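Undergrad: predicted model and sequence below, questions to follow.
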Amino acid sequence: MNYYVDVHANLLPGLPAVNSSALTAEKASARLSVCKESNIKQSVAAPFFDSARFSPEEFLAARDAAIAELSAEAQPMRLVPGAVVSLSWCMEHPRELRPFVIGGSDYLLIDLPREAVTEEFCETLARLRIVSGLCPIAADIDRYFDFWSPEDWFALRQTGMLLQISVNGLLQQEYRKLSLYLLANQYAHFVATGSRQIEEPLHFTEAMRMIQRSLPAQLYRRIKNNAGMLLSNAEPASFM
């Protein structure tokens, strides 16, 4: 059986994802069923940490309670705790980020601001990694494909940040070529369902099959295996 790991998923009722409202309990249950049907064996439940609405303690307690409530229903799929944290909050609290990481790893999903990629911006990202001791992953980078150029993505990679593409980046015709280019050249490292809107189907299997059809077999296997390596806390250099 061909099993997958989804490193960034919108699954938890009552907690919004990036640019998406929160799922109802019924929608969350239906989405879990689709994940299992898609042969996803592990899924990182990564709601957006809205610091205007929650304190870190409140957010983490609500996330963990939601995961605990859904874990039995999710079987045999395993739910892994995670979060997406805004870059601004990360920079204000770089030493308080450990509870937000993906599972027990040193990796953190980051929501980048929609601003120009300047030398100062890249220095901020590099400084975050040094001060926090964590490796940031830009979440759902296809959200910025209409704003940043390929050269901007290359510059971000030079800061040590890893890049995660959502299924939208592969399934939407206008973004597909760039997504495949970034994946083929190992500028982007992970494919995930990401911050799916409530009404959007997951289409994870379709996105992975597109990679399989479009890229050499060894690259497809590497991209597919990157997610499992992340959960095992592999060194960042392993993804290059």
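TA: Arrived safely, thanks for sending.
Undergrad: residue 74: what's it in contact with?
TA: 32, 35, 36, 43 (CB atoms under 8 Å, 6 or more residues apart in numbering). Any C-beta I mention is one placed from the backbone N, CA and C, and that applies to glycine too.
Undergrad: for it, report the pLDDT, please.
TA: For residue 74, the pLDDT comes out at 94.
Undergrad: ditto for residue 164
TA: Residue 164 is given a pLDDT of 98.
Undergrad: do the one 5 residues further on as well
TA: Among the per-residue scores, residue 169 holds a pLDDT of 95.
Undergrad: kindly report the same for the one 5 residues further on.
TA: Predicted confidence (pLDDT) at residue 174: the value is 95.
Undergrad: now residue 59
TA: 97.
Undergrad: now residue 87
TA: Model confidence at residue 87, given as pLDDT, is 97.
Undergrad: distance check, it against residue 73.
TA: Applying CB to CB, to the nearest Å, the value for residue 87 to residue 73 is 33 Å.
Undergrad: more neighbours: the two, which one.
TA: residue 87 (18 against 13; other CB atoms under 10 Å).
Undergrad: sorry, back to before: which of the contacts of residue 74 are buried?
TA: 32, 35, 36, 43 (16 or more other CB atoms under 10 Å).
Undergrad: isn't the second one right up against residue 77?
TA: Yes - with contacts defined as CB atoms under 8 Å, residue 35 counts as touching residue 77 at a distance of 5.8 Å.
Undergrad: residues shared between the contacts of these two?
TA: residue 43.
Undergrad: returning to what we had before: mind putting the contacts of residue 74 in CSV, secondary structure, pLDDT and distance to residue 106 included?
TA: Below are those laid out as CSV (DSSP: H, G, I helix; E, B strand; the rest coil; pLDDT from 0 to 100; distance: CB to CB, whole Å):
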residue, secondary structure, pLDDT, distance to residue 106
32, helix, 94, 27
35, helix, 93, 25
36, helix, 93, 29
43, strand, 97, 20
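Undergrad: include distance to residue 192 when you put those into a markdown table, please.
TA: A markdown table is the format used below for these (distance: CB to CB, whole Å):
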| residue | distance to residue 192 |
| --- | --- |
| 32 | 16 |
| 35 | 11 |
| 36 | 16 |
| 43 | 9 |
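Undergrad: now, the most widely separated pair of those residues?
TA: 36 and 43 (9.5 Å; CB to CB).
Undergrad: give me the common contacts of those two.
TA: Common contact partners of residue 36 and residue 43 (CB under 8 Å, 6+ apart): 74, 77.
Undergrad: residue 75: neighbour count?
TA: With other CB under 10 Å as criterion, residue 75 counts 11.
Undergrad: what's it sitting at in phi/psi?
TA: Main-chain torsions, residue 75, degrees, to the nearest 10: phi -50, psi 140.
Undergrad: how about residue 174, phi and psi?
TA: According to degrees, to the nearest 10, residue 174 has phi -70, psi -20.
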